[in-house]
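Engineer: Sequence and computational prediction follow.
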Amino acid sequence: MVKINKIHFNNFRNFTNYEILFEKKINILFGENGCGKTNILEGISLNSKGRGLRNSSISNLIKKKEHNFLIKNNLEINNNFFDIEILTENKNDKLKKIIRVNNDSSKDSIDILNQYISFLIFVPEMERLFQASPSYRRNFIDRLIFSSKNNYNSLINKYKKFLLERIKILQKNIIDNDWLNQIEKDISLLGLEIYQLRHSQINFINNNLKILKKDHNFQFNLTLQIKDEFFNADLSFEEYLSYLFNSRSHDKQFGGAKIGPHKSDILAIINNDFDASLLSTGQQKTIVLMILLAQCNYLVNYKKINPILLLDEIGSHLDSYNREILLDMINRFEIQFFLTGTDKNLFSFVSTNAQFYNITDL
Ligand SMILES: Nc1ncnc2c1ncn2[C@@H]1O[C@H](COP(=O)(O)OP(=O)(O)OP(=O)(O)O)[C@@H](O)[C@H]1O
Ligand SMILES: [Mg+2]
């Protein structure tokens, strides 16, 4: 099991000095609006690569009028204990997030941490996942890929960088053809890899939902699909490259690239009949919880990864179906949960092995 036993915030968001001990598997953080519940989940999420649950700029993470933050965690991984420090460093007027594992910030020790630590996240905006823009849905699927493949972000970043580079070359008066051909090869390789990873991720979800259906009476029959004019499961590198070549004049004129995984959408088909955008927000929450349950099953049983679940404002909008999925997730897996809500009573249905924390802004 991967478990956070203790966390201490110093000059992080609204906290000057705030420490919490987490002894149980299920941790319920409740309190008034603005007391810092989401900030705590965000602080926990910073243990993995990137800028955390809100994808916020680093400067916004630091308490107003302060210069740096420090988060100290005590992390337990399969009965081994690690002291993890997350802090900011100001270098050449640029803020950087640094992680230290037992006082060591070498790549090797961070790699070990990344290998074990994985978060699955619910934020309230996800109740509109299927009414939001395609980029929001792509990010949602990308986060799920990232939960078992922690170098996935750098793949996406490289892909975006090469797309920009290609446009710069195309818009020059004199074009360096060798350079352009090379960039298009790189884009095709990376684009194909992203397509394939998303395609596999969606298959994992669909397959795990089928497995779970055997002992779970889901309200909906759910199938995820990639919607993309260009992608099919047999798409080859050569085809990709020639499409890019043929869209040069279009891309030069309009910028970006006409084709590629940055254009995909993710559809959720309900009962083989209609799109999830037609569902109510509470029902969309059901779909997101079903996907998280399936992803948990995939990670725990097939990848041997024990994710930590960060479920923000999960307490509201929970009808009996949503409660059932959440309880199934809690009962089925030996993993740590952090749930937030404004009122303790919203969680009265979670009776076993839960600890309640009344968060107060000190
Ligand atoms: N950099 C910062 N410095 C100081 N305070 C901050 C900073 N960033 C955010 N805050 C404050 O932190 C407070 C708590 O925010 P948070 O989003 O964690 O609240 P919450 O408990 O999740 O509330 P809600 O129930 O409304 O979701 C807010 O009042 C916000 O203004
Ligand atoms: Mg909040």
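Structural biologist: Perfect, I can see it now. Ligands and ions are numbered 1, 2, ... in the order given.
Engineer: can we go C-alpha only for contacts and neighbour counts from here?
Structural biologist: Will do.
Engineer: Was I right to think residue 186 contacts residue 162?
Structural biologist: Yes - the criterion here is CA atoms under 8 Å, and residue 186 meets it with residue 162 at 7.5 Å.
Engineer: Show me the contact partners of stretch 216-232.
Structural biologist: With CA atoms under 8 Å, 6 or more residues apart in numbering as the test, stretch 216-232 has contacts from 195, 199, 202-203, 205-206, 209, 259-261, 263-272, 287, 321.
Engineer: same check, this time on stretch 201-213
Structural biologist: 141, 144-145, 222-226, 290-291, 294-295, 297-298.
Engineer: if you set the cut-off to 7 Å instead, what comes out?
Structural biologist: Contacts of stretch 201-213 with the rest of the structure, by CA atoms under 7 Å, 6 or more residues apart in numbering, involve 145, 223-225, 291, 294-295, 297-298.
Engineer: try stretch 13-24
Structural biologist: With CA under 7 Å, 6+ apart, stretch 13-24 has contacts from 4-11, 36, 39, 61-63, 353-355, 361-362.
Engineer: cool, and stretch 115-129?
Structural biologist: Taking CA under 7 Å, 6+ apart as the rule, stretch 115-129 contacts 45, 48, 137, 147, 281-282, 284-285, 305, 307-313.
Engineer: Could I have the PyMOL command that selects the buried members from those?
Structural biologist: This is how PyMOL selects the buried members of the contacts of stretch 115-129, with burial counted by 16 or more other CA atoms under 10 Å:
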select buried, resi 45+48+137+147+281+282+284+285+305+307+308+309+310+311+312+313
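Engineer: The residue of the stretch 201-350 of the chain at minimum distance from ligand 1: neighbour count?
Structural biologist: Going by CA to the nearest ligand atom, ligand 1 is nearest to residue 342 of the stretch 201-350 of the chain, at 5.6 Å. Per other CA atoms under 10 Å, the neighbour tally for residue 342 reads 20.
Engineer: how about it, what does it touch?
Structural biologist: Residue 342 touches 30-33, counting by CA under 7 Å, 6+ apart.
Engineer: Spatially central residue in the chain, please.
Structural biologist: residue 143 (3.1 Å; CA atoms, centre = their mean).
Engineer: I'd like the distance between that one and residue 155.
Structural biologist: Residue 143 sits 13 Å away from residue 155, going by CA to CA, to the nearest Å.
Engineer: do the same with residue 284
Structural biologist: 29 Å.
Engineer: What segments of the chain are strands?
Structural biologist: 2-12, 15-21, 26-30, 70-77, 80-91, 94-101, 119-122, 222-227, 265-270, 274-275, 308-311, 337-341, 354-358 (DSSP state E).
Engineer: before we move on, back to that, give me the buried subset of the contacts of stretch 216-232.
Structural biologist: Buried among the contacts of stretch 216-232 by 16+ other CA under 10 Å: 195, 199, 202, 205-206, 209, 259-261, 264-270, 287.
Engineer: now residue 64, nearest residue through space, not along the chain?
Structural biologist: Nearest residue to residue 64 in three dimensions, chain neighbours excluded: residue 13, at 7.4 Å (CA to CA, 6 or more residues apart in numbering).
Engineer: returning to what we had before: list just the one of the strands of the chain that sits closest to residue 238.
Structural biologist: strand 222-227 (21.3 Å; CA to CA).
Engineer: Adjacent strands (with direction) for the closest one?
Structural biologist: If you go by DSSP bridges, strand 222-227 pairs up with strand 265-270 (antiparallel).
Engineer: can you pull the alpha-carbon coordinates of the partner strand into PDB?
Structural biologist: Presented in PDB, the C-alpha positions along strand 265-270 are these (Å, rounded to 0.1, in the frame of the first residue of the first chain):
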ATOM      1  CA  ASP A 265     -12.300  14.000 -28.700                       C
ATOM      2  CA  ILE A 266     -13.300  11.200 -26.300                       C
ATOM      3  CA  LEU A 267     -16.900  10.100 -26.400                       C
ATOM      4  CA  ALA A 268     -18.900   8.200 -23.800                       C
ATOM      5  CA  ILE A 269     -21.700   6.200 -25.400                       C
ATOM      6  CA  ILE A 270     -24.500   5.300 -23.000                       C
END
